[in-house]
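Enquirer: sequence? don't have it. structure:
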């Protein structure tokens, strides 16, 4: 399997978590923003990532959208499942996944790119990085008023998550589901924002646990520091 992605996209991280949870072998191809449309449009008719190429006989040539990738993976390899078999729990999982995808993921994007354009410039001050950040800000109409609304939405979402994740470690039922993977992926950019990292340590502990369970590399901001020996080897 081949995953076409932007390496920094939380939605692509979501797909990687699912592939890791299923213990499926795959490779990634990191696309260049802008030029990516030339590759994706003929494959899927869209220009969004992630796109999974199963590269398997009898399977679709290309699958766009992280939720559609989840649904395909559950059909291709049912165990362990991403969605509960119980209809009520499955619906709850799907509702939470959609909420994170369409609302909380967008709020995270606004807060993250506002930080990267201001106090977070030092994360990557290169001209290319800052140009991409400005393009994203214009594309999504990121301005102070919308960032404030996004921050308020995130505060409400994190209060909800604290009530769900702290008591049971699972958002739905008694095992990891698509809801957990989506939350862990789409909130992961907040690890680079000191306010969130310091105010919500429980959130990042859960994000790290989900990544560990899926044998997937931690997001920036949560990677363990290099030991002195590792640093000398680089």
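Expert: Now that the structure is in, tell me what you want to look at. A quick note: this is a predicted structure, and the numbers were derived from the prediction, not measured.

Enquirer: how is the chain divided into domains?
Expert: Using automatic domain parsing, the domain parsing of the chain gives 2-76, 87-213.

Enquirer: would you mind putting those domains into CSV with distance to residue 222 alongside?
Expert: Any C-beta I mention is one placed from the backbone N, CA and C, and that applies to glycine too. Conversion of the domains of the chain to CSV gives the following (distance: least, CB to CB, whole Å):
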stretch, distance to residue 222
domain 2-76, 12
domain 87-213, 5
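
Enquirer: nearest to residue 219, out of the ones you listed?
Expert: When the domains of the chain are compared by CB to CB, domain 87-213 sits nearest residue 219, at 3.8 Å.

Enquirer: how distant is the closest one from the center of its chain?
Expert: How far domain 87-213 lies from its chain's middle: 8 Å, per CA atoms, centre = their mean, to the nearest Å.

Enquirer: endpoints of that domain, how far apart?
Expert: End-to-end distance for domain 87-213: 25 Å, by CA to CA, to the nearest Å.

Enquirer: so which strand or helix has the nearest residue to residue 186 once chain neighbours are set aside?
Expert: Among residues not flanking residue 186 along the chain, residue 105 sits closest, at 4.0 Å (CB to CB, 6 or more residues apart in numbering). For residue 105, the element it lies in under DSSP states H and E is helix 105-117.

Enquirer: now render the domains of the chain as TSV, adding mean pLDDT and mean neighbour count.
Expert: Shown next, in TSV, are the domains of the chain (pLDDT from 0 to 100; neighbours: other CB atoms under 10 Å):
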stretch	mean pLDDT	mean neighbour count
domain 2-76	92	17
domain 87-213	94	17
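
Enquirer: which secondary structure elements does the strand or helix carrying residue 130 sit against?
Expert: Assigned by DSSP H and E, residue 130 belongs to helix 127-140. If you count contacts as 3 or more CB pairs under 8 Å, 6 or more residues apart in numbering; DSSP states H and E, helix 127-140 packs onto helix 105-117.
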